[in-house]
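*Asks:* got a predicted structure here, sequence first:
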Amino acid sequence: MSTLMFVHVILWILIGLICTYGITIDQFHQTLIAQYCARILDIALIITGLVNVVHTVAMSPLLVWIQFILEIITIGLLDFTLISKRNKKNVKPKSIMLFVLVFAVTTILGTVIQYLFG
């Protein structure tokens with residue numbers, strides 16, 4: 001595993017922890033802080049993801065681009081979940097299940113790409 005991929009994985013873990021905290025806390029300001037921290041880390045995550053795409057796109061372009069698009073969708077789902085939580089709406093179980101499904105598919109696809117081409 002390259003250093004860049006390691007940083008990418010650590011960023012995913014940090015964003016996951018921050019968003020979980022933001023979803024479970026009941027205070028408006030804490031949710032807002034969690035959302036903005038996640039957005040800052042999202043920028044770094046997208047940059048490391050693009051660099052990973054550039055390094056591995058020659059080996060399997062379709063799988064790499066599908067994984068990158070699924071990562072963007074996952075980031076969007078996390079942000080929408082935090083926004084609905086911040087607006088005092090109930091977080092629907094369907095949105096959390098959709099996030100878990102997209103995150104699982106993205107993770108499995110990333111693992112397959114790293115195993116086969118990394």
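*Replies:* Arrived safely.

*Asks:* ok, Phe28 - contacts?
*Replies:* Contact analysis of Phe28 by Cβ atoms under 8 Å, 6 or more residues apart in numbering lists 86, 88. Placement of C-beta: from N, CA and C, glycine included.

*Asks:* again, 10 Å this time
*Replies:* 85-88 (Cβ atoms under 10 Å, 6 or more residues apart in numbering).

*Asks:* in helices, which of those appear?
*Replies:* Under the assignment DSSP state H, those contribute 85-86 to helices.

*Asks:* Serialize the contacts of Phe28 to TSV and add fields for pLDDT, neighbour count and distance to Ser2.
*Replies:* Shown next, in TSV, are those (pLDDT from 0 to 100; neighbours: other Cβ atoms under 10 Å; distance: Cβ to Cβ, whole Å):
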residue	pLDDT	neighbour count	distance to Ser2
Lys85	83	22	35
Arg86	83	17	36
Asn87	83	9	39
Lys88	76	9	42
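
*Asks:* quick check, nearest of the contacts of Phe28 to Ile96?
*Replies:* Using Cβ to Cβ, the shortest approach to Ile96 within these belongs to Lys85, at 10.7 Å.

*Asks:* verify the contact between the closest one and Ala38 for me.
*Replies:* No - counting by Cβ atoms under 10 Å, Lys85 stays clear of Ala38, with 11.8 Å between them.

*Asks:* shared neighbours, those two?
*Replies:* Taking Cβ under 10 Å, 6+ apart as the criterion, Lys85 and Ala38 both touch 19, 22.

*Asks:* confidence score at Gly118?
*Replies:* Here the pLDDT value assigned to Gly118 is 64.

*Asks:* my bad, Met1
*Replies:* Turning to Met1, the model gives it a pLDDT of 68.

*Asks:* and the strand or helix carrying Thr81, what's buried?
*Replies:* Following DSSP states H and E, one finds Thr81 within helix 61-86. Neighbour-count burial for helix 61-86 flags 63-64, 67-68, 70-71, 73-75, 77-78, 81-82, 85-86 (criterion: 16 or more other Cβ atoms under 10 Å).

*Asks:* report the angle between the helix or strand just after that helix and helix 61-86.
*Replies:* Sequence order places helix 93-117 as the next helix or strand after helix 61-86, per DSSP H and E. Going by axes from the mean of the first three to the mean of the last three Cα atoms, to 10 degrees, helix 93-117 is angled at 150 degrees with respect to helix 61-86.
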